[in-house]
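Colleague: sequence unknown, structure follows:
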């Protein structure tokens with residue numbers, strides 16, 4: 001009697017015919033568009049920064065009004081102003097301490113969770129400016145150049161306006177704007 005040989009399933013089963021995929025007509029892909037240099041503004045939404053934000057928007061708008069007269073003066077350009085952020089930047093190439101800079105940030109304002117950040121760069125680069133500011137305003141200084149403005153205090157707002165003017169004059173004197 002002959003022995004039957006059991007073949008593995010793969011060998012015994014006939015191979016299924018592979019379905020032919022419908023061939024797509026060959027089309028030429030469009031060349032990727034060249035990207036232009038982006039605007040020097042950062043798009044961040046600050047609508048979710050906390051329950052205290054409506055009061056902070058009033059402070060932000062007051063700072064914006066203080067900075068508007070300086071936008072367009074010399075080389076200063078205002079970026080942003082929407083979504084709780086604003087930057088006043090000079091795009092004049094300068095050399096500071098042996099380093100070439102394409103742009104210098106003058107003042108920025110940014111709505112944060114519990115305060116409006118007033119980033120005042122003249123104080124960072126020129127310590128004698130600090131002596132011209134009131135102690136009440138300097139109490140808001142956290143770090144080297146960031147003031148945390150939590151209340152719409154007229155005295156603080158007046159000091160901020162004075163600081164912007166002093167900083168502008170210092171930047172002009174140094175030839176940075």
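Modeller: Ah, there it is. Please read all numbers here as calculations on a predicted model, not as lab measurements.

Colleague: Assign residue 168 to helix, strand or coil.
Modeller: What DSSP: H, G, I helix; E, B strand; the rest coil gives for residue 168 is helix.

Colleague: Return the distance of the nearest residue to it once chain neighbours are set aside relative to residue 139.
Modeller: In space, residue 168 comes closest to residue 70 once its chain neighbours are excluded; the distance is 6.1 Å by C-beta to C-beta, 6 or more residues apart in numbering. To be clear about C-beta, it is placed using only N, CA and C from the backbone, and glycine gets the same treatment. According to C-beta to C-beta, to the nearest Å, residue 70 stands 25 Å off from residue 139.

Colleague: quick one, which of the two is more surrounded?
Modeller: Neighbour count, other C-beta atoms under 10 Å: between residue 70 and residue 139, residue 70 has more, with 19 against 11.

Colleague: was I right about that one contacting residue 77?
Modeller: No: here residue 70 lies out of contact with residue 77, judged by C-beta atoms under 8 Å, at a distance of 10.0 Å.

Colleague: Now do the shared contacts for the two.
Modeller: By C-beta atoms under 8 Å, 6 or more residues apart in numbering, residue 70 and residue 77 have these common neighbours: residue 88.
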